[in-house]
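Participant: let me see the structure of the following:
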Amino acid sequence: MSDPAVELDRAALRRFLRERYPFVAETDHGPQAVAAGECDRCGHEPRMVQPCGPPPADLSGPATPDWALGRRCAVAAGVEGWCDGHADEAAEAIAWLQALPVEADDIARLWWIATGEVRATPDAARRARALLAGS
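Facilitator: You can find the predicted model right below:
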């Protein structure tokens, strides 16, 4: 039985997000490039990139093979967050993160809801419906 407070048209939300926020379609960086969830360092922003360097010592929990960082933590880690052989990729990822719109964190979380990777909370469902209504 579905909860009407969190029910929404996920296909319509996916279409809308891809059209309005093309960064969600990226597969090198962003919500499609990492496992859904919060930053493994701060735990307060959505995961956006998976650096190839060693995990930072201040991760919020034990490092898993798919550890990833949110945009602010990745920018703070800088190129040093990636291994020596991938400095160019690191610079590209950081520039990509810095160019994201202000609302990118919220949009990434909505993308994961739209794809079924995470369940919608009533608040997230309200935000999704408001976005769709305003389109």
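Participant: what packs against the helix or strand bottoming out on mean pLDDT in the chain?
Facilitator: Every helix and strand of the chain was ranked by mean pLDDT, DSSP states H and E. The lowest is helix 122-133, at a mean of 90. Applying 3 or more C-beta pairs under 8 Å, 6 or more residues apart in numbering; DSSP states H and E, one finds that helix 122-133 makes contact with helix 10-20, helix 104-114. (Each C-beta comes from the backbone N, C-alpha and C, glycine too.)
Participant: how about 6 Å then?
Facilitator: Applying 3 or more C-beta pairs under 6 Å, 6 or more residues apart in numbering; DSSP states H and E, one finds that helix 122-133 contacts helix 10-20.
Participant: next SSE after the helix it packs on?
Facilitator: helix 71-77 (DSSP states H and E).
Participant: quick one: buried residues of that next one?
Facilitator: 71-75, 77 (16 or more other C-beta atoms under 10 Å).
Participant: can you put the residues you listed in CSV and add pLDDT?
Facilitator: CSV is the format used below for these (pLDDT from 0 to 100):
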residue, pLDDT
Arg71, 96
Arg72, 96
Cys73, 95
Ala74, 95
Val75, 96
Ala77, 93
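Participant: looking at these, which is nearest Asp105?
Facilitator: Arg71 (7.4 Å; C-beta to C-beta).
Participant: I figured that closest one was touching Met48, is that so?
Facilitator: Yes. Assessed by C-beta atoms under 6 Å, Arg71 is found in contact with Met48 at 4.9 Å.
Participant: which regions of the protein sit below the pLDDT cut-off?
Facilitator: For the chain, the stretches flagged by pLDDT under 70 are 1-6, 135.
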